[in-house]
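Q: let me see the structure of the following:
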Amino acid sequence: MRITGRIVYQDLEGGFWGIVADDGSQYHPVEGLPHHLRKDGCRVRAEVEPANVVSFAMWGKNVRVKNIQRI
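A: Numbering: from 1, shown residues only. So this is what the prediction gives:
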C-alpha cells in the first residue's frame, strides 16, 4: 500500500515515530523510521505492508515500511 503524509512524534508509551497520511489514517512503523526522517512534520511518501504484531503503542495501524522517501 502506498501512502503520502507527514512524520509525527507520539509521546506515548515511551515515545515513538509514526506517519499520519493525508487522509488522516495513522500508521505505526513497527521497525522504526530512518534517523534522517525522524523530524516532526517531515513530508514523506512510503510503501508499507500490514504487520501482524503486538505493540504497546496502541496507536495507528502497525506496518512494515518497504520504501520511504522525503518529498
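Q: mind listing what the closest residue to Arg38 other than its chain neighbours touches?
A: Once flanking residues are discounted, Arg38 sits nearest to Trp17: 5.5 Å by C-beta to C-beta, 6 or more residues apart in numbering. For the C-beta atoms, the positions are set from N, CA and C on the backbone; glycine is no exception. Residues in contact with Trp17 (C-beta atoms under 8 Å, 6 or more residues apart in numbering) are 7-10, 29, 32-33, 38.
Q: any idea which element Trp17 lies in?
A: Take DSSP states H and E as the rule and Trp17 turns out to sit in strand 16-21.
Q: let's see that strand as CSV, backbone CA atoms only.
A: The C-alpha coordinates for strand 16-21 follow below in CSV (Å, rounded to 0.1, in the frame of the first residue of the first chain):
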residue,chain,number,x,y,z
PHE,A,16,7.7,6.6,19.0
TRP,A,17,7.6,7.9,15.5
GLY,A,18,4.5,7.5,13.3
ILE,A,19,3.1,8.6,10.0
VAL,A,20,-0.2,10.4,9.6
ALA,A,21,-1.4,10.0,6.0
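Q: after that strand, next one along is what?
A: With secondary structure assigned by DSSP H and E, strand 16-21 is succeeded by strand 26-29.
Q: could you spell out the sheet neighbours of the strand holding Trp17, each with its direction?
A: The strands beside strand 16-21 in its sheet (DSSP bridges) come out as strand 2-10 (antiparallel), strand 26-29 (antiparallel).
Q: pull the distance from it to the chain's centre.
A: 4 Å (C-alpha atoms, centre = their mean, to the nearest Å).
Q: ends of stretch 28-37, how far apart?
A: Chord length of stretch 28-37, first to last residue, is 14 Å (C-alpha to C-alpha, to the nearest Å).
Q: if you could redo that for stretch 14-31, that was the one I meant.
A: Stretch 14-31: ends 15 Å apart by C-alpha to C-alpha.
Q: before we move on, what about stretch 53-60?
A: Taking C-alpha to C-alpha, stretch 53-60 runs 13 Å from one end to the other.
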